[in-house]
Structure formats: structure tokens, C-alpha cells
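Q: Mind folding the following:
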Amino acid sequence: MNTTTDWLGSRELGGIASTMATEATTWPPFLRGQPDHPVRVVMIDDDPHMCRVIAQELLADARIDLVAQANSLREGRHMVARYDFDVMLVDLNLGDGTGFELIEYMKSAHPVAEAVVVSAMEDEEHAIHAFELGATGYLVKGSWFGNFAQAVLHVVNGGATVTPNLARRLLRRLGAHGEGALGAGAASRHAPSAERLSEREREILRLVASGHTSCEIGRDLSISAQTVNTHIKNIYRKLQVRTRAQAATRASQFGLLS
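A: Residues are numbered from 1 along each chain as shown. Predicted structure coming up:
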């Protein structure tokens, strides 16, 4: 029996595909993820069953292009270095390492790309650590959260995606103990450096906040994508952030986009 169908049920899978097709045709044109310019995704997971489930959902959506897959930390690092992509889906347990290591590596190689954890571990500490490293999503295997295509589109358009049950526990923890309860790393963060962004960095930050990729920014400014990524790393350092969404929010708070 097909394991993907066994896990979802043939009727449910058919319903998901039909829903995705409808959503793709009604997707607002100002959002990233259009059939003629799909969101590029890479996936690293050592669970063949989950890989099939996730791949089938992504491939059914015209707004998404599943660029490559890997099943280990080593293969994942090679893949991240080789391909251009917008979103990385990554498991935390990879046999030869952890997804945390891959998130850190990805944020260095592709600072404007988004990372979404797909894990069997549903505890707050793992989620908090992933967010501190720069992830913008945490999905628990076997839990309801919509579908993987929706999750990808949420994060690439500046949002976040968290399995509902886990999100509620994180909110309770925040409400009960205050913002510092979200981890020692979060509590120890200092205010952004007083060091101001250069005019070039402001220019790049405005384009990043508008959803442009490094390649697109490079073409607009007549510089290489590698140079763009170097500027973005400097922006992250100066603003003390780890993700594109955080940088845009922090810059807006300090009037750096004007």
C-alpha cells in the first residue's frame, strides 16, 4: 500500500490537492508564490515516509517548486551550498547531526532564506532554540496545522507558522512568566547596536523588506548576489537579528527604512 495514501487517506489527499489548486488560482498577485515565479523549497529529513508526504503536498501546489531533497546533515549542507532557494524544511534528528546545525549553516550561506522545522519533538525548548537560531516555523509531525504548502507560503511572505498546540503552550509560557521565560538566550539579548547602517545597507534592507531575493537585489543594484549576502550579514549583525522579517521589523522601529 502507498504509505502516503495510508497516512493521509486517499479522500483526504485528494481533497488537499483540490484545495491547493483552488488556492493557487485565487492567490493575491502581490504575494510571493505565483505559478510563474514559485517559491523554491529544499527539504532535509531522514524519514522516507514523511518525505513522501511533504513532497506530494508541495508538488501538488503550482505556487511551490521543490528544488531538492536530502536525508542527512552532510547531504543537507552540500545541498544548501549548491542550490538557490527561499525556504528550507528541516527535521531536527538527522542521524549524523541535528537540524539546528543546518539552520545555522543555512543562515550563513543564505541569510534571507527562511527555515521551517518539521519535527516529532513537540517541546517548547526545542522550538525556542530553533527560533533563536533564525527559524520562522516549527511544525510537529502528525499534528494538524493545515498543510506544508500553506506553511511555506506563510513564512516566505513575512509570517510564521507553528503547530497550534505548541503555539498555545508557548503563549501560556509567555503569559505566565513574561517575555524572559522564552529562554535565557532571548533574555540576554541587548538592544541593537548604535552603529548605523550605511546607505547601501539601507538600500538593500528596503529591498529585503519588500520581499526581493539576493539575486534580484544584485540585478537591481548591479552587484553580485554574494556581495548582497555579505551586506545582509552585516545588517543582521548591526540590528542583532537573524531573519529577514526580524530585520525589517527592527529597522522599521528605528526608522531605518526611510
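
Q: and the closest residue to D65 other than its chain neighbours, what does it touch?
A: Taking CB to CB, 6 or more residues apart in numbering, and ignoring the residues beside it in sequence, D65 has P38 as its nearest neighbour in space, at 4.2 Å. For the C-beta atoms, the positions are set from N, CA and C on the backbone; glycine is no exception. Contact partners of P38, counting by CB atoms under 8 Å, 6 or more residues apart in numbering, are A62, R63, I64, D65.

Q: If we use 10 Å, what do you get?
A: P38 is in contact with A24, R32, L58, D61, A62, R63, I64, D65, L66, V67, D86, V152, counting by CB atoms under 10 Å, 6 or more residues apart in numbering.

Q: Wait, T98 touches D46, no?
A: No. T98 lies out of contact with D46 (CB atoms under 10 Å); the separation is 11.4 Å.

Q: Next, show the common contact partners of the two.
A: Common neighbours of T98 and D46, using CB under 10 Å, 6+ apart, are L73, D91.

Q: With respect to pLDDT, which of the contacts of P38 ranks lowest?
A: Least confident by pLDDT among these: that is A24, with 60.

Q: Helices of this protein, residue ranges please.
A: Under the criterion DSSP state H, the chain carries helices at the ranges 3-8, 10-26, 48-59, 73-82, 99-109, 124-133, 148-156, 164-177, 184-187, 199-209, 214-221, 225-239, 244-253.

Q: Now tabulate those helices in TSV and tack on distance to V117.
A: As requested, the helices of the chain are arranged in TSV below (distance: least, CB to CB, whole Å):
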stretch	distance to V117
helix 3-8	19
helix 10-26	21
helix 48-59	13
helix 73-82	13
helix 99-109	6
helix 124-133	5
helix 148-156	10
helix 164-177	10
helix 184-187	16
helix 199-209	22
helix 214-221	23
helix 225-239	20
helix 244-253	16
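
Q: looking at those helices, which has the lowest confidence?
A: Confidence, taken as mean pLDDT, is least for helix 3-8 of those (a mean of 38).

Q: give the contact list for F145.
A: F145 makes contact with G137, Y138, L139, A151, T161, V162, T163, P164, N165, L166, A167, according to CB under 10 Å, 6+ apart.

Q: Kindly provide the distance from H49 to D91.
A: Taking CB to CB, to the nearest Å as the measure, H49 falls 12 Å from D91.

Q: Can you spell out the domain ranges of this protein, please?
A: The record's domain split for the chain, according to automatic domain parsing, is 3-182, 190-253.

Q: related to what we said a few turns ago, need the pLDDT of the residue nearest to D65.
A: The predicted local distance difference test score for P38 is 95.

Q: Would you mind measuring from it to V152?
A: Counting by CB to CB, the separation of P38 from V152 is 10 Å.
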